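Just the structure for this:
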Amino acid sequence: MHQAAASPAPTSRDCCAHWGIEVRESDYGRGVFASQDLAAGQLLARCPAIIIPRDDMHSATLGSYVFLWPDEAGAFYAILGGVGSFFNHHADANAIFHPDIEQGLMEFHSCRAIAKGEELRINYDYDAEYAHNNPHLAWYRQA
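Numbers count the residues shown, from 1 in each chain. Purely as a prediction, here's the structure:
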């Protein structure tokens, strides 16, 4: 019986090449970077979400990786698969995120043109005033 040669394990760069992004080391640990020039409004990633009820959020470590998730059933947090947990923070973010509640996904989009090699960052610090002043956060205001 002929045995096929083993394929090399995919790297974190391979898992998101079709989106034009890659995960690699940044000044803040690992981060998401543009592997090609990206247009404003371009879809960067769709990440599956594991929904966590508010009462189950006990771990400070886990709390560093959760996203707010508005849900009528009372589940208000999500941990993301894929590259979702590798987007670092910046107050002047170049990417935004919003949940697709029906599909159980978090979508990330560029909010301006992004050059190849630039780190993609989102704003973690949503509060009522920030959400009110940013129309793409209408879902947050409803949570």
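
Just checking: what are the partner strands of the longest strand along the chain?
Criterion DSSP state E: the longest strand present in the chain is strand 43-53. Partner strands and pairing direction for strand 43-53 (DSSP bridges) are strand 75-80 (antiparallel), strand 105-110 (antiparallel).

So for it, mean pLDDT?
For strand 43-53, the per-residue pLDDT values average out at 87.

Might you report the residue contacts of the closest residue in space to Met106 that isn't next to it in sequence?
Leaving out its chain neighbours, the residue that sits closest to Met106 by Cβ to Cβ, 6 or more residues apart in numbering is Cys47, at 4.9 Å. The way it works is simple: take the backbone N, C-alpha and C, and place the C-beta from them, glycine included. Shown in contact with Cys47 (Cβ atoms under 8 Å, 6 or more residues apart in numbering): 80-84, 105-108.

So Cys47 versus Ala34, what's the distance?
17 Å (Cβ to Cβ, to the nearest Å).

ok, now Arg46?
For Arg46, the distance to Ala34 (Cβ to Cβ) stands at 17 Å.

Same question for Phe67.
From Phe67 to Ala34 the distance is 21 Å (Cβ to Cβ).

Quick check: buried residues in stretch 97-109?
For stretch 97-109, a neighbour-count test (16 or more other Cβ atoms under 10 Å) marks 97-99, 101, 105-109 as buried.

again with stretch 80-98
Those would be 80, 82-88, 90, 93-98, for stretch 80-98 by 16+ other Cβ under 10 Å.

and the end-to-end length of that stretch?
With Cα to Cα, to the nearest Å applied, stretch 80-98 spans 12 Å between its terminal residues.

so for that stretch, what's the average pLDDT?
89.

Check stretch 20-27 too.
If you average the pLDDT over stretch 20-27, you get 92.

Would you quantify the distance from the residue lying closest to Ala49 once chain neighbours are set aside to Gln103?
Among residues not flanking Ala49 along the chain, Ala78 sits closest, at 3.9 Å (Cβ to Cβ, 6+ apart). Using Cβ to Cβ, we find Ala78 at a distance of 12 Å from Gln103.
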